[in-house]
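using only what follows, build the 3D model:
(2 chains)
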Amino acid sequence: MSDTLLKVRNLKIGATVYPPGEKPHDIDIVHGVSFDLERGKVLGLIGESGAGKSTIGLASMAYGRGGVELTGGEVWVNGRDILKTSHSDIRNLRGGEVAYVSQSAAASFNPAKKIMDQVVEAAVEHKKFSRKEAEGRARELFAKLGLPDPDNIGERYPHQVSGGQLQRCMTALALCPEPDLVVFDEPTTALDVTTQIDVLMAIKEAIRDTGVAALYITHDLAVVAQVSDDIMVLRMGNTVEYGNTDQIINNPQEEYTKALVSVRSIEHEEKKPTPDAVLSVEGITARYKGLNFDVLHNVNVDLHPGQTLAVVGESGSGKSTLARVITGLLPPRDGEITFAGRKLSGDLKGRSREDLRELQMIYQMADVAMNPRQTVGTIIGRPLEFYFNMRGAEKRKRIIELLDEIELGEKYMDRYPAELSGGQKQRVCIARSLAAKPKMIICDEVTSALDPLVADGILKLLLDLQKIEDVAYLFITHDLATVRAISDSIAVMYQGRVVRYGSKSEVLSPPFDDYTDLLLSSVPEMHLGWLEEVVAHRKMESAGN
Amino acid sequence: MHPIIKLVSQRLALGLLLLFGASALIFGLTEALPGDAAQAVLGQSATPEALANLREEMGLNRPALTRYFEWLGGILQGDLGQSLTNKLDIAESIGKRLGNTLFLACAAAVVSVPLAIFLGLLAVRYRNRWPDKLISAITLTTVSIPEFLIGYVVIYFVSVKLGWFSSLAMINDTMSFGQKLNAIALPAFVLTLVVLAQMMRMTRAAILNLMQSAYIETAELKGLSNFQVIARHAFPNAISPIVNVVMLNLAYLVVGVVVVEVVFVYPGMGQYLVDSVTKRDVPVVLACGVVFAAVYIGLNMFADIVSILANPRLRHPK
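Numbering: from 1, shown residues only, chains lettered A, B, ... in the order given. Here you go, the predicted model:
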């Protein structure tokens, strides 16, 4: 018997699109991809959004999401072509032979059913185990995946456990029926870095212990380098490069792979703090209405003119709340904010138009931050009218200048947001905030929704614009690579407090406090064996204590 | 306190407040109607003196507010007053007729609710294929035709041509349960046709909306059959909108049966109300109004509470 579990030959996948105002037409998403996966091996599928990696993963279950259709080629699982097999055989395949772990376990668990019911369902349905056996196996898996209270966690509902725990429950769900292959679709992307490392290790050990084969789909090359035997780099539905992990990471052949490996290579010379500050946050304590505890405790930070302060922390650390307080959306309970030498009113209503103009904001989701019915020219022109009363030719000239600054140019003036890519949309948002000639811009996770190469372009642009416009950035992010690339000073936040604050070189050099150490050591690094090193290092430390 | 108990007691308190408001509104509106019971009893040719005497006797001359609170106090003690026209105790007359109406409504509900939900699930299972289109076409047709027309058409074919059921749905205490069911078969059938479409369409829409969820994809990728996916994974999350539309239709079955009761000469609340309005028998109209309001508010409150209980986040807080 051959050891090949999954054999994909010249797989073609298409979809029918219905663009507004045009005739529906067919497009190709994947143009003939081939690969083999042996039993017990892990193949990483890597690429940016639109590369077709999830689509290929789901094709191994003969599933097309939305209107996606498998239009050609062969997909052999356990010795038969599943694109030609019967409907009932496909049902046996799904959940029985091939299981799926999605990016968002929070959305993929049914909110109305207990975790245990959902974890054992496929195993019982496919008659692999009796209900009782399946529950026993689920509890074993819960324990193996490092979930707390493995005997009883199954009795909870999905909303009663944390995001990282739910992601592990999803892995248990996939492994429970003893499948031959698991498709992991970005299983750690939605998690904080410190949580990601635990889940990643749990998944890796579960793969090793159960001997299951896996397709590991991600956009993060550093992550896939830790878990896979082989890697396939995909771009726009084509194979760019396919080889073993060592070769792809250490000796990439194609330009595109080299760009992915060397991503985040931006170097930025740290600027020394000036004596005056454009923004001074002193003793800010804040809570949301209806809550009986503070979400920010005595926060003190300074931002100097023309410089970047990165506020870094995981979800729930209070970094976005800090932005809301500075913008006046959430009046603080205590403390004060000094901006450009004047005290800012805590409440938005008490701020002058000049305050509003000089303090701009850019958001994570560029597409919802713009009116979809307005053209790029209207969007950028609005602050010019509102703050500077510009009209006609003068306004048009300034819009074109701004479009040139964000490297898009005049031809984008009459386009609508829907006609732009994610990176282009974020550029328009940057131009809109610059149009107000601000002293300071709050950037709230502005690159987290973008692919790495596109995000790099945005960071470069922001740094260039800082030189030209002399604008200060308050840069909120959870991504330490971004922090290294762009900041002059850094504030690390944890549970509503600033736990570490200073210039970039101070904050990023030892000795570290415990939390910063944990945070820094959790960022995946692009070399083989990193995951094991970190975990071994942590075990030694905890043994030493 | 458990958040569920808090939310449910809030709903109950709100329901009572609403009922109080409805009683005031009903009283105010009947006050505003032209003519009164004295006029109705004595007819158009009555002399002003006779009218004044009768009003004095009936207590109609006292201020409206006084009469409202007397009336409200009576209701709270279970006393709905006496009919002006035949001096019978209203509570007793309503009791019997409300029982009849509820019997008819229940019979229609027992058939229509499960049928509507099942058809809704079936329509989702075969969405945009012929079973879905057929179900939608039939239910939308029956809901679009006025119920009296359906009533007469049914009478013409089923009782006159085929002779299967009587066209009169008279029931009384001497009949057995089976005889009663036989008597109300036709009106119950017509009511079912009237309420089926909305419940079925809502079930279909609520579940289709959920079919886009990621957890439905998870269920599909477990290799479950389409119907298992819909019934096990989509339906439990669709309970809240479905219960709301079901209750709205049950309320309609009780409150809106007037036309059907008249067509089939059924001795229920609807006929009683229509008769009393024509006789200007204000206390009876008021009493019927309050009973209808109580049924309506009660059923909707029940739907709210079921929605709260169906939410696992509220049932099992962190």
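
use CA for all of it now, contacts and neighbours both
Noted.

state the helix or strand in which residue 112 lies.
The chain I'm using is chain A. Assessed by DSSP states H and E, A:A112 sits outside every helix and strand.

wait, chain B was what I had in mind.
Using DSSP H and E, B:S112 maps to helix B:90-125.

next: A:Y501.
strand A:497-503.

show the average pLDDT along that strand.
The pLDDT scores in strand A:497-503 average 91.

what's downstream of it, the next helix or strand?
helix A:504-507.

helices or strands up against that following helix?
Judged by 3 or more CA pairs under 8 Å, 6 or more residues apart in numbering or on different chains; DSSP states H and E, helix A:504-507 is in contact with strand A:489-494.

could you give the angle of the strand it packs on to strand A:497-503?
160 degrees (axes from the mean of the first three to the mean of the last three CA atoms, to 10 degrees).

please list the residues of chain B that sit near chain A.
Residues of chain B lying close to chain A by CA under 8 Å from any CA of the partner chain are B:213-218, B:220-225, B:233, B:236-237, B:311-313, B:316-318.

now these: which count as buried?
B:214-218, B:220-224, B:233, B:236-237, B:311-313 (16 or more other CA atoms under 10 Å in any protein chain shown).

from the residues you listed, which two are the most distant?
The distance between the two most remote of those (CA to CA) is 27.5 Å, for B:G223 and B:R313.

measure A:I231 to A:T239 for me?
In this view, A:I231 and A:T239 are 11 Å apart by CA to CA, to the nearest Å.

neighbour count: these two, which is higher?
More crowded of A:I231 and A:T239, by other CA atoms under 10 Å in any protein chain shown: A:I231, with 26 against 21.

confirm the more buried one sits in a helix?
No - looking at A:I231 with DSSP: H, G, I helix; E, B strand; the rest coil, it is strand, so not inside a helix.

name the nearest residue to it, ignoring sequence neighbours.
A:G44 (4.5 Å; CA to CA, 6 or more residues apart in numbering or on different chains).

bridged to that neighbour, which residues?
Note on A:G44: beta-bridge partners A:Y216, A:I231, judged by DSSP bridges.

point out where the stretch 401-545 of chain A drops to low pLDDT.
A:544-545 (pLDDT under 70).

hey, where'd the helices end up in it?
A:422-435, A:452-469, A:480-486, A:504-507, A:514-522, A:530-544 (DSSP state H, counting those that start in this stretch).

could you do the stretch 51-200 of chain B as well?
B:64-76, B:90-125, B:130-144, B:147-154, B:177-210.

just name the most buried of those.
helix B:177-210 (a mean of 21; mean count of other CA atoms under 10 Å in any protein chain shown).

can I get the helix or strand that that helix is followed by as PDB, trimmed to CA atoms?
Where DSSP H and E defines the elements, the next helix or strand beyond helix B:177-210 is helix B:214-221. Output in PDB follows, covering the C-alpha atoms of helix B:214-221 (Å, rounded to 0.1, in the frame of the first residue of the first chain):
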ATOM      1  CA  ALA B 214     -19.500  29.600  10.200                       C
ATOM      2  CA  TYR B 215     -20.900  26.900  12.600                       C
ATOM      3  CA  ILE B 216     -23.200  25.700   9.800                       C
ATOM      4  CA  GLU B 217     -20.100  25.200   7.700                       C
ATOM      5  CA  THR B 218     -18.600  23.300  10.600                       C
ATOM      6  CA  ALA B 219     -21.600  21.000  10.700                       C
ATOM      7  CA  GLU B 220     -21.600  20.500   7.000                       C
ATOM      8  CA  LEU B 221     -17.900  19.600   7.200                       C
END
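
helix B:214-221 vs helix B:177-210, what angle?
Using the same axes, to 10 degrees: helix B:214-221 against helix B:177-210 is 100 degrees.

packing partners for helix B:214-221?
Counting contacts by 3+ CA pairs under 8 Å, 6+ apart, helix B:214-221 packs against strand A:98-101, helix A:105-108.

show the average pLDDT along the last one.
In this model, helix A:105-108 carries a mean pLDDT of 86.

related to what we said a few turns ago, adding mean neighbour count, write the helices of the stretch 401-545 of chain A out as TSV.
Converted to TSV, the helices of the stretch 401-545 of chain A look like this (neighbours: other CA atoms under 10 Å in any protein chain shown):
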stretch	mean neighbour count
helix A:422-435	24
helix A:452-469	17
helix A:480-486	20
helix A:504-507	17
helix A:514-522	16
helix A:530-544	13
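
and A:N152, which of the ones you listed is closest to it?
Evaluated over the helices of the stretch 401-545 of chain A, closeness to A:N152 peaks at helix A:530-544, with 26.7 Å, by CA to CA.

how far off centre is the closest one?
Its chain's C-alpha centre and that of helix A:530-544 lie 26 Å apart, by CA atoms, centre = their mean, to the nearest Å.

can you list contacts of that helix?
Helix A:530-544 is touched from outside by A:197, A:201, A:226, A:521-522, A:524, with contacts defined as CA atoms under 8 Å, 6 or more residues apart in numbering or on different chains.

which of those sits closest to chain B?
A:M201 (23.3 Å; CA to the nearest CA).

would you agree that closest one falls within a strand?
No - read with three-state DSSP, A:M201 is helix and lies in no strand.

and the nearest residue to it once chain neighbours are set aside, how far is that from chain B?
For A:M201, ignoring the flanking residues on the chain, the nearest one in space by CA to CA, 6+ apart is A:L531 at 7.3 Å. For A:L531, the distance to chain B (CA to the nearest CA, to the nearest Å) stands at 29 Å.

and A:H159, by the same measure?
A:H159 is 7 Å from chain B, by CA to the nearest CA.

helix/strand/coil for that residue?
helix.

and it, how many neighbours?
By other CA under 10 Å, the residues close to A:H159 number 20.

list the contacts of the residue nearest in space to the middle of chain B.
In chain B, the residue lying closest to the centroid (CA atoms, centre = their mean) is B:A251, at 2.5 Å. B:A251 is in contact with B:295-296, B:299-300, counting by CA under 8 Å, 6+ apart.

between these, which is closest to chain A?
B:N300 (22.7 Å).

ok, the closest one touching B:V246?
No - the pair B:N300 / B:V246 is not scored as a contact, 9.5 Å apart, by CA atoms under 8 Å.

more neighbours, these two?
B:V246 (26 against 21).

okay, the more buried one: pLDDT?
86.

output the below-cut-off pLDDT ranges for the chain.
I went with chain A, as the question did not name one. Within chain A, the segments meeting pLDDT under 70 span A:1-2, A:19-21, A:263-265, A:544-545.

not quite, I wanted chain B
B:1, B:35-37, B:40-41, B:318.

so what's the residue in the stretch 251-400 of chain A that chain B sits nearest to up against?
Nearest residue of the stretch 251-400 of chain A to chain B, counting by CA to the nearest CA: A:G290, 15.0 Å away. Counting by CA under 8 Å, 6+ apart, A:G290 makes contact with nothing.

doesn't it lie inside a strand?
No - judged by three-state DSSP, A:G290 forms no part of a strand; its state is coil.

backbone dihedrals for it, please?
Dihedral pair for A:G290: phi 90, psi -10, per degrees, to the nearest 10.

ok, the one 4 residues further on next?
Note on A:D294: backbone dihedrals following degrees, to the nearest 10 are phi -80, psi 140.

against A:Q495, how distant is the closest residue in space to it that isn't next to it in sequence?
Nearest non-adjacent residue to A:D294, counting by CA to CA, 6+ apart: A:R287, 4.4 Å away. Between A:R287 and A:Q495 the distance is 13 Å, computed by CA to CA.

cool, A:H126 as well?
A:H126 is 45 Å from A:Q495, by CA to CA.

between the two, which is the more surrounded one?
Just comparing A:H126 and A:Q495: by other CA under 10 Å the higher neighbour count belongs to A:H126, 20 against 17.

Three-state assignment for the spatially closest residue to the more buried one that is not a sequence neighbour, please.
Once flanking residues are discounted, A:H126 sits nearest to A:G96: 6.2 Å by CA to CA, 6+ apart. What three-state DSSP gives for A:G96 is helix.
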